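> let me see the structure of the following:
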Amino acid sequence: MSRLLLLLHSRTLTSLLCNSTLTQTKSLSPSPSFPLQTFSFRSSFSSKTKNSKQQEQEQEQEEADKVGNEAKNKKKKINNSSSESCVRDSDYPSGEFQLQEFSWWRKLTVKLKMLTALPRERIPNATVLTMKIRGEIFEQLESRYSSELSLPQICENIIKAAYDPRISGIYLHIETLSCGWAKIDEIRRHILDFKKSGKFIVAYVPECCEEEYYLACACEEIYVPPSAYFSLFGLTVEASFLRGVLDNVGIEPEVERIGKYKSAGDLLTIKTMSEENCEMLTALLDNVYENWLDKVSSAKGKTREDLENFINQGVYQVEKLKEEGWITNIRYDDEVISMLRERLGLHKDEQIPMVDYREYSRVRKWTLGLSGGEDQIAVIRASGSISRVRSPFSDSSSDIIEDKFIEKIRSVRESKRYKAAIIRIDSPGGDALASDLMWREIKLLAASKPVIASMSDVAASGGYYMAMAAGTIVAENLTLTGSIGVVTGRFNLGKLYGKIGFNKEIISRGKYAELHAAEQRPLRSDEAELLAKYAQHAYTQFRNKAAFSRSMPVDKMEEIAQGRVWTGKDAASRGLVDAIGGLSRAVAIAKLKANIPQDRQVTLVELSRTPPKLSELLSGFGDTLVGVDRTLKKLLQGLIFSAGVQARMDGIMFQRKKHSYVNSIFKSIKDYLNSL
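As a prediction, the model looks like this:
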């Protein structure tokens, strides 16, 4: 049964406190000389003479007025510009897949290419492409040595199969998925596009909840074994709270959050769901549920009422599913294969030619005459948590590292070969300074050539921060985005230290020198005041930069900021997103902005991730024997925020626990450890 889990999802347990967007945005005005820190202020923290509250308010108002005027001028300029007149979703090209009819010459060329292709690319005629889609699906292109599924490769294989004359159809195994709804929508769109080729696509689903069925019902036929696990019971949203656990072990969180919907701090500071968080999660759940009802009922030729009545019956028997037309038939895998053999006109003793996902990935698009045109568009993928440097405790393959990402952006900006760029974002955010530095580089790139932000499962907080720099933002209906807010703070470990017999004494110079060093005591009133002002300043900068980037008055941005997470559909209606769609629509818009005709083929150049060096993989072992103080503090800091202000979204995940009877506390700890 599906659940919208508000889990401490790997990279998001650290984000849960730095929840959304602890954004130390560099913003329009100069940022303060000291770095904003979250829950762990780095050693030296220079003190500054504080302005009066009235002066600060006046400065903030002046800055807001300035941003508002700039936004109005920018919007006026856009409205007066013929090249930038596309401001509505319907005005952008759809990017809808159109199956090309090859000329006789091109067909002959493809046959010659197949004859001279590498042995690994040769497959017999009437072959069936088999793909098992299950578990986690990564946004980033993986290396050829990886056995994991990546969204780009899945989609490319489906496109290739539509044109490949040797492929008769696709046999799709769909099992337990562990990804967001946006990725499922992208794959689903490609399945619907594949059907335009006239070839068959059949789904086999041995275990099925809402996400799996949502994907399977896009296929022509759905088969399940007699013992299949089916649980189409509805969707839930779940939030976990650790405050009771922290109280028991003697840890006191001291949190400042700006934005009434900023729920990251809730994990540590309260024991029950806040009214604002309940409102936000309810809206997100309604969006997902309504979308699921609409798409599934339409695919199966039923009404929404039929579907709701069915799931409210609590049906789990596959016979009932077949009887009411929700699946095609009940068959074991070998029986489905025998059926496909008959469909292909093969004898019973003949082996059905099949090629699996990994093998078919070796077939180059060039071999099928799909290599693209002369015009090139760069695709830069930003997937994972945002960091300035690679953490020794993190998975190097799941982070957006500032300097590596900026290096790719600059290479595209300095190259004349690329007509446009697409930044594909799948990130809940992370380090705010890194987000701002990357924002700056994307902004510089957008000044020289069209840049389109394409959002995957999540592009919130720091992820949305990056997207703001693009000329156009494209999101899926259920992409999680927004989360413009700030949460920051630290842990008071005094009681815990007392319980374990640990003592710490500090000699310091400077009024606020101990702000991040003295975790053995609570904050003084003046330290707490500085922390609050710091958080407010960070929020003001983030909000104002968002207003400027979206050509929106500050007061209007304030209404939709406040740390609130939106689905792509709702974000589009509020001006945070320009168009709804996937990567194909982003490509179509990039063509439009680069003055490339829509019917002209382009070549997408993936700037893939540089694999980590052995030295990087081994670099994390040196910090393990550093004493109780440093080790304990490092782990707790990782639990909340890494060094510096964080622009993160809390761990809202549209997924559910499958047959899980594990206590939520241990599940949360397990998810966190998996993120290290």
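> poorly predicted segments of the stretch 1-150 of the chain, please.
Counting by pLDDT under 70, the stretch 1-150 of the chain has low-confidence residues at 1-87, 142-147.
> try 50
Applying pLDDT under 50 to the stretch 1-150 of the chain flags residues 1-53, 75-86.
> for the closest residue to Tyr316 other than its chain neighbours, give me its contacts.
In space, and not counting its chain neighbours, Tyr316 is closest to Phe230: 5.6 Å by C-beta to C-beta, 6 or more residues apart in numbering. For the C-beta atoms, the positions are set from N, CA and C on the backbone; glycine is no exception. Contacts for Phe230 (C-beta atoms under 8 Å, 6 or more residues apart in numbering) come out as Cys208, Val224, Val315, Tyr316, Gln317, Val318, Leu321.
> what mean pLDDT does stretch 414-421 get?
In this model, stretch 414-421 has an average pLDDT of 96.
> so which bits of that stretch are buried?
Neighbour-count burial for stretch 414-421 flags Tyr418, Lys419, Ala420, Ala421 (criterion: 16 or more other C-beta atoms under 10 Å).
> dump these to a markdown table, plus distance to Asp436 and secondary structure.
Listed next are the buried residues of stretch 414-421 as a markdown table, based on distance: C-beta to C-beta, whole Å; DSSP: H, G, I helix; E, B strand; the rest coil:
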| residue | distance to Asp436 | secondary structure |
| --- | --- | --- |
| Tyr418 | 24 | strand |
| Lys419 | 27 | strand |
| Ala420 | 23 | strand |
| Ala421 | 19 | strand |
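> which one of these is nearest Ala299?
Minimum distance to Ala299 across the buried residues of stretch 414-421 is 33.6 Å, recorded for Ala420 (C-beta to C-beta).
> the closest one is in contact with Lys593, isn't it?
Yes. At 6.2 Å, Ala420 and Lys593 qualify as touching, with contact defined as C-beta atoms under 8 Å.
> quickly list what's touching both of these two.
Common neighbours of Ala420 and Lys593, using C-beta under 8 Å, 6+ apart, are Pro450, Ile452.
> thinking again about what came up before, tell me the phi and psi of the residue nearest to Tyr316?
The phi/psi pair for Phe230 (degrees, to the nearest 10) reads phi -120, psi 130.
> dig out what it forms beta bridges with.
Cys208 (DSSP bridges).
> Gly95 versus that one, what's the distance?
Counting by C-beta to C-beta, to the nearest Å, the gap from Phe230 to Gly95 is 34 Å.
> what helix or strand is the closest residue to Asp306 other than its chain neighbours located in?
Nearest non-adjacent residue to Asp306, counting by C-beta to C-beta, 6+ apart: Ser297, 6.6 Å away. Element membership for Ser297, per DSSP states H and E: helix 275-299.
> next, the angle from the helix or strand that that helix is followed by to helix 275-299.
Using DSSP H and E, the next helix or strand after helix 275-299 towards the C-terminus is helix 304-311. For helix 304-311 against helix 275-299, the angle by axes from the mean of the first three to the mean of the last three C-alpha atoms, to 10 degrees is 110 degrees.
> can you start the count at 866 instead of 1 from here on
Yes, from this point I'll number from 866; that puts the last item at helix 1169-1176.
> and helix 1169-1176, what does it pack against?
helix 1140-1164 (3 or more C-beta pairs under 8 Å, 6 or more residues apart in numbering; DSSP states H and E).
> how far off centre is the helix it packs on?
Offset of helix 1140-1164 from its chain centre (C-alpha atoms, centre = their mean, to the nearest Å): 18 Å.
> before we move on, what about stretch 980-992?
Offset of stretch 980-992 from its chain centre (C-alpha atoms, centre = their mean): 36 Å.
> hey, where'd the helices end up in the stretch 966-1115 of the chain?
Secondary structure of the stretch 966-1115 of the chain (DSSP state H, counting those that start in this stretch): helices located at 969-980, 1016-1028, 1046-1059, 1075-1081, 1108-1114.
> what about Gly1237, neighbour count?
Counted with other C-beta atoms under 10 Å, residues neighbouring Gly1237 total 15.
> surely it touches Val1470?
No. At 9.2 Å, Gly1237 does not count as touching Val1470 under the criterion of C-beta under 8 Å.
> follow-up on the earlier one: state the pair within the buried residues of stretch 1279-1286 that is farthest apart.
Longest distance between any two of the buried residues of stretch 1279-1286 is 8.9 Å, between Lys1284 and Ala1286; criterion C-beta to C-beta.
> shared neighbours, those two?
Ile1242, Lys1314, Pro1315, Ala1455.
> output the residues you listed as JSON lines; include the columns pLDDT and secondary structure.
Below are these laid out as JSON lines (pLDDT from 0 to 100; DSSP: H, G, I helix; E, B strand; the rest coil):
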{"residue": "Ile1242", "pLDDT": "97", "secondary structure": "strand"}
{"residue": "Lys1314", "pLDDT": "97", "secondary structure": "coil"}
{"residue": "Pro1315", "pLDDT": "97", "secondary structure": "coil"}
{"residue": "Ala1455", "pLDDT": "97", "secondary structure": "helix"}
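> who wins for most neighbours among those residues?
For the shared contacts of Lys1284 and Ala1286, the largest neighbour count, defined by other C-beta under 10 Å, is 30 neighbours, found at Ala1455.
> and it, how far from Tyr1283?
To Tyr1283, Ala1455 is 10 Å away according to C-beta to C-beta.
> who touches both of these two?
Residues touching both Ala1455 and Tyr1283 (C-beta under 8 Å, 6+ apart) are Ile1242.
> can you tell me the closest non-neighbouring residue to Asp1058?
Excluding the flanking residues, the one nearest Asp1058 by C-beta to C-beta, 6+ apart is Phe962, at 3.7 Å.
> I figured the one you found hits Ser1062, correct?
No. Look at Phe962 against Ser1062 with C-beta under 8 Å: they stay out of range, at 9.9 Å.
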